[in-house]
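**Student:** I would like to see how this sequence folds:
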Amino acid sequence: MKKSYFNSVFKILLPGVLGVMGNSVYAQNIFALTSNNELTSFLASNPQQAKPAIPITGITSGQTLVGIDSRPNTGELYALGYNSTDSTSNLYTINKITAIATKIGSTTIKLGLGNGSKVGFDFNPTVDRIRVVSGTDNSYRLHPVTGAIAFKDGNLKFAQADANFGKNPNAGASAYTNSFIGAGTTTLFNYDDSLNIITSQIPPNEGTLNTIGSTNITITPGSTVMSGFDIYKDPSTLGNAAYLSISGIGSASNLYTVNTTTGGAAIVGQIGLTGMIKDIAVEIDRTLPSPRTGKLIFGLQGLANLISFDSENPKVILNLVTITGLTA
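**Tutor:** Predicted coordinates:
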């Protein structure tokens, strides 16, 4: 290498993640998707003060949105559109201010999500792929750039040694831990609308469910329930904070925190809007500091992720790309 190159750029190899967050300002603002295809938001600490819901426009005719999540690598708000008549689906990004949807890719895909009322939708932060699960027990991985199906994975089922083995799962919402750019590890959790429990999905690609425990939320048997689930990575404590929304308990939609070790939920408060909530997504702020004050450093995260960061601010990952063309 030329000496002049090293004056501006250093290269190092990292065994794991150097930077914890893309930005230290990960405000706990939560977006919510309503059953009327509207977007609203509220602070996790004060769900009663929800902003007025805005109709989401730009969705393909015949489709309704069934899930939302923030993409850890970019901070964009993603959504899944689904037509329950012909099972056609598309990925979208949603403008957080105007609620205008932009379709991802040019190909419409088909997903077996039944009537679309029970869908889990969440980004796996370690591989930048979207997990989609359903009350039909189907499980998929979607590509966030092309909008295509990356893999059709094993159907959801409880592990043979699980207390709920033999019962039919009904995953209504999903969330991964460690939702930040460059995450090296993560765990997938689901909320089961029928059993009112939290499960882990390990291994996720095989669809194996492991019961964590009951949420202890009182739900009237036979009532129509919609659920949303997301997990926030706290940059200060480095812990994961899980949030669950439940609609259909009376006329209210409530926000809860969830203990992913026990499954137990604790109410934060009623969400201040009318109508039911299909899904929630904690906002991820990927606004990068400018200008760069130190040297630009590249690092290898995991097996094939090239990351870059400022030597004067190493906690902020500037970019992450997957290295391709490697010999298998």
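**Student:** Quickly list what the residue sitting nearest the centre point of the chain is bridged to.
**Tutor:** For the chain, the residue nearest the mean C-alpha position is residue 122 (3.0 Å; C-alpha atoms, centre = their mean). Note on residue 122: beta-bridge partners residue 131, judged by DSSP bridges.
**Student:** pretty sure it is touching residue 228, no?
**Tutor:** No - the criterion here is C-beta atoms under 8 Å, and residue 122 misses it with residue 228 at 10.4 Å. Yep, even glycine has a C-beta here, placed from its N, CA and C like the rest.
**Student:** before we move on, the earlier item: can you name the residues that contact the residue nearest to the centre of the chain?
**Tutor:** Residue 122 makes contact with 67, 69, 130, 131, 174, 175, 176, 188, 229, 230, according to C-beta atoms under 8 Å, 6 or more residues apart in numbering.
**Student:** mind redoing it with 10 Å?
**Tutor:** 67-70, 78, 130-133, 173-176, 179, 186, 188-190, 229-231, 279, 281 (C-beta atoms under 10 Å, 6 or more residues apart in numbering).
**Student:** Could you tell me which residues touch both of residue 122 and residue 228?
**Tutor:** 67, 68, 69, 173, 174, 175, 279, 281.
**Student:** thinking again about what came up before, just the contacts of residue 122: which are in strands?
**Tutor:** Counted as lying in strands by DSSP state E, out of those, are 67-70, 78, 130-133, 173-176, 188-190, 229-231, 279, 281.
**Student:** Residue 68: neighbour count?
**Tutor:** 24 (other C-beta atoms under 10 Å).
**Student:** give me every residue that touches it.
**Tutor:** Shown in contact with residue 68 (C-beta under 10 Å, 6+ apart): 31-33, 39, 56, 77-80, 92, 94, 121-122, 228, 230, 278-281.
**Student:** got it, and residue 224?
**Tutor:** 117, 193, 247, 248, 276.
**Student:** re earlier: state the pLDDT value of the residue nearest to the centre of the chain.
**Tutor:** Looking at residue 122, its pLDDT is 99.
**Student:** And residue 5, by the same measure?
**Tutor:** 37.
**Student:** repeat for the one 4 residues further on
**Tutor:** pLDDT, the model's per-residue confidence, is 45 for residue 9.
**Student:** Then residue 144?
**Tutor:** 97.
**Student:** hang on, it packs against residue 123?
**Tutor:** Yes - counting by C-beta atoms under 10 Å, residue 144 touches residue 123, with 7.4 Å between them.
**Student:** what touches both of these two?
**Tutor:** Shared contacts of residue 144 and residue 123, counting by C-beta under 10 Å, 6+ apart, come down to 69, 71, 73, 78, 129, 130.
**Student:** who wins for neighbours among those residues?
**Tutor:** Within the shared contacts of residue 144 and residue 123, most neighbours by other C-beta under 10 Å means residue 69, with 31 neighbours.
**Student:** Quick check: it touching residue 284?
**Tutor:** Yes - the criterion here is C-beta under 10 Å, and residue 69 meets it with residue 284 at 9.3 Å.
**Student:** Pull out the buried residues from stretch 228-248.
**Tutor:** Buried residues in stretch 228-248, counted by 16 or more other C-beta atoms under 10 Å: 228-233, 235, 240-248.
**Student:** Can you say which two of the residues you listed are spatially most distant?
**Tutor:** Farthest apart among these by C-beta to C-beta are 235 and 248. That separation is 33.3 Å.
**Student:** that older thread, just checking, which of the shared contacts of residue 144 and residue 123 comes out lowest on pLDDT?
**Tutor:** Among these, residue 73 has the weakest pLDDT, 92.
**Student:** Correct me if wrong: that one contacts residue 128.
**Tutor:** Yes - using C-beta under 10 Å, residue 73 is in contact with residue 128, at 5.4 Å.
**Student:** list the residues that contact both of those two?
**Tutor:** 144, 181, 183, 320, 321.
**Student:** and these, which are buried?
**Tutor:** Here, 16+ other C-beta under 10 Å leaves 144, 181, 183, 320 buried among the shared contacts of residue 73 and residue 128.
**Student:** Can you list the low-confidence ranges for the chain?
**Tutor:** Low-confidence segments of the chain, defined by pLDDT under 70: 1-27, 222, 249-251, 302-304, 327-328.
**Student:** one more time with 80
**Tutor:** By pLDDT under 80, the low-scoring segments of the chain are 1-27, 220-223, 235-236, 249-251, 286-292, 295, 299-305, 307-328.
**Student:** Domains in this protein, by residue range?
**Tutor:** 3-17+291-322, 29-282 (automatic domain parsing).
**Student:** which one of those domains is the most hemmed in?
**Tutor:** domain 29-282 (a mean of 19; mean count of other C-beta atoms under 10 Å).
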